[in-house]
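[1] Structural data only, the sequence is not supplied:
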Ligand SMILES: *Cc1c(COP(=O)(O)O)cnc(C)c1O
């Protein structure tokens, strides 16, 4: 049996252990400290590098947390989402985009995707808002668009609708660190944005996340809630319910080290995507998901995804997945949309059939930065063999 090819493994740059050692040497083995502060500054500088943020001299503040899910949860808390409120969320995503809505006692309202970027359809978004207002008499409290698989959504159109109805946006950029929309980095759109540093994301802290805030006051509030909401008193006094969501100084050490290889990771994943496009060219019914317009949508290609149309290809997505698995290669169907999840079966949904169709025919291929070009060829050969057998 050949060695297993995984979807997306973590890859250490080399300096991570230095920063962890520093934490041990200085006894900062706690959920705060020099690594946490330095990691936050490094992330902020990375996000601020982009021209648009710089030109507008826009403020950015990054709060490092224990998970991307915690970042989304805190974002909702800071936006004042509470019991009975409705929050619009992209249906085509990982459950962690939607779960924090329920943590707050609020109700998710799912909106389907458009075909070009696979992210929230701005037209459906507006329909959903209008319909919710007419049905409930209330505006949804927030909108959670997702930059799925690293592909930026149609942010201008989404933000225009959000502004028109004055509903704040919480951007789920968990998969999109290093992606850009019109030259602006993902993770800098909306009122707040959530990043993830889970083991399989663009960079890892072994587990972790961050909330990107647009002013210092909100960053301070995020920090307050993330550290058990302690009032300013010598004893422990609380006027709000708090959370234990701060990132550990050890994890942040890994993050600091990873920042040195982030750009390299982005470039490698993009190169892997381009190689797949090249090698899979000409196989009938198999299509690699690509950015619609390179000058507007710049994906980090966290995962390269394909669609398989069985009526054209003669084989299905599931045939590909099973053939890859037989060859010891990991692949996975695209995210199962939230409106199809048993746990969300009674939730309002505004659909067009697109995410359902993508879930039927879509597959994520191995895309981690450690993969060699030979590995990619091995993956493609399995798919080519299926096509030859016809
Ligand atoms: C990974 C992910 C999250 C959650 O991040 P964690 O750090 O794993 O909590 C949220 N949304 C999306 C789209 C993700 O892919």
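    Received the coordinates, thanks. Everything quoted here is computed from the prediction, not taken from an experiment.
[2] Next up, the contacts around the closest residue to the ligand within the stretch 51-200 of the chain.
    Distances between the stretch 51-200 of the chain and the ligand by C-beta to the nearest ligand atom are smallest at residue 68, namely 2.5 Å. For glycine as for every other residue, the C-beta is placed from the backbone atoms N, C-alpha and C. By C-beta atoms under 8 Å, 6 or more residues apart in numbering, the residues touching residue 68 are 96, 172, 174, 194, 195, 196, 197, 198, 201, 208, 209, 210.
[3] residues from the chain in reach of the ligand?
    Contacts of the chain with the ligand, taken as C-beta under 6 Å from any ligand atom, map to 67-69, 93-94, 96-97, 146, 172, 174-175, 196, 198, 209.
[4] what's the following helix or strand after the helix or strand of the chain with the lowest mean pLDDT?
    When the helices and strands of the chain are scored by mean pLDDT, DSSP states H and E, helix 51-55 comes last with a mean of 61. Of the helices and strands lying after helix 51-55 in sequence (DSSP states H and E), the nearest is strand 61-65.
[5] from the middle of its chain, how far away would the following helix or strand past that following strand be?
    Per DSSP H and E, strand 61-65 leads on to helix 68-78 as the next helix or strand towards the C-terminus. Centroid separation between helix 68-78 and its chain, computed with C-alpha atoms, centre = their mean, to the nearest Å, is 13 Å.
[6] And the contacts of the helix or strand that helix 68-78 is followed by?
    Moving toward the C-terminus from helix 68-78, the next helix or strand (DSSP H and E) is strand 86-90. Here strand 86-90 makes contact (C-beta under 8 Å, 6+ apart) with 76, 81, 97-98, 101, 106-111, 113, 119-120, 125, 128-129, 132, 136, 138, 140-146, 148, 153, 167, 172, 338, 348.
[7] Strand 86-90 versus helix 68-78: what angle between them?
    On the basis of axes from the mean of the first three to the mean of the last three C-alpha atoms, to 10 degrees, strand 86-90 is oriented at 150 degrees to helix 68-78.
[8] what pLDDT, on average, does whichever helix or strand comes after strand 86-90 get?
    Downstream of strand 86-90, the next assigned helix or strand under DSSP H and E is helix 99-103. For helix 99-103, mean pLDDT rounds to 98.
[9] Now do the buried residues in helix 99-103.
    99, 100, 101 (16 or more other C-beta atoms under 10 Å).
[10] Which of these sits closest to residue 370?
    Using C-beta to C-beta, residue 99 comes nearest to residue 370 of the buried residues of helix 99-103, at 30.0 Å.
[11] Which residues lie in contact with residue 331 in this structure?
    The neighbours of residue 331, taking C-beta under 8 Å, 6+ apart as the test, are 7, 320, 321, 324, 325, 363, 364, 365, 366, 379.
[12] How about it: what's its closest non-neighbour residue?
    residue 324 (4.8 Å; C-beta to C-beta, 6 or more residues apart in numbering).
[13] Now do the one you found, the pLDDT please.
    Model confidence at residue 324 (pLDDT) stands at 98.
[14] How about residue 107, nearest residue that isn't a chain neighbour?
    In space, residue 107 is closest to residue 86, 5.0 Å off (C-beta to C-beta, 6+ apart).
[15] going on from the biggest helix by length in the chain, what's the next piece of helix or strand?
    Counting by DSSP state H, the longest helix found in the chain is helix 262-280. Sequence order places strand 286-288 as the next helix or strand after helix 262-280, per DSSP H and E.
[16] Partner strands of the helix or strand just after that next one, with direction?
    Helices and strands here follow DSSP H and E; after strand 286-288, the next one along the chain is strand 297-298. Applying DSSP bridges, strand 297-298 is found paired with strand 180-181 (antiparallel).
[17] Each with direction, which strands does whichever helix or strand comes after the partner strand pair with?
    Counting by DSSP H and E, the element after strand 180-181 in chain order, helix or strand, is strand 184-185. Sheet pairing of strand 184-185 (DSSP bridges) gives strand 180-181 (antiparallel).
[18] now the strand it pairs with, how far from the centre of its chain.
    Distance, centroid of strand 180-181 to centroid of chain: 14 Å (C-alpha atoms, centre = their mean).
[19] hmm, back to that, relative to the ligand, which of the contacts of residue 331 is nearest.
    residue 364 (11.5 Å).
[20] Pretty sure that closest one sits in a helix.
    No - counting by DSSP: H, G, I helix; E, B strand; the rest coil, residue 364 falls outside a helix, being strand.
[21] My read is that it contacts residue 302, right?
    No - assessed by C-beta atoms under 8 Å, residue 364 is found out of contact with residue 302, at 9.3 Å.
[22] would you list every one of the helices in the protein?
    Using DSSP H, helices in the chain cover 16-25, 34-48, 51-55, 68-78, 99-103, 122-136, 155-164, 216-226, 249-258, 262-280, 310-313, 317-326, 354-361, 373-388.
[23] Can you tell me which of these has the worst average pLDDT?
    Among these, helix 51-55 scores lowest, at a mean of 61.
[24] how does this structure divide into domains?
    16-261, 263-388 (automatic domain parsing).
[25] Now for the nearest residue to residue 13 once chain neighbours are set aside: which residues touch it?
    In this structure, residue 13 finds its nearest non-sequential neighbour in residue 261, 3.5 Å apart by C-beta to C-beta, 6+ apart. Residue 261 makes contact with 11, 13, 14, 203, 369, according to C-beta under 8 Å, 6+ apart.
[26] returning to what we had before: going through the contacts of residue 331, which ones are buried?
    Counted by 16+ other C-beta under 10 Å, the contacts of residue 331 give 7, 320, 321, 324, 363, 364, 365, 366, 379 as buried.
[27] these two touch, right, the fourth one and residue 379?
    Yep, that's residue 324 we're talking about. Yes - with contacts counted by C-beta under 8 Å, residue 324 reaches residue 379, the gap being 6.7 Å.
[28] Brilliant, that's me finished.
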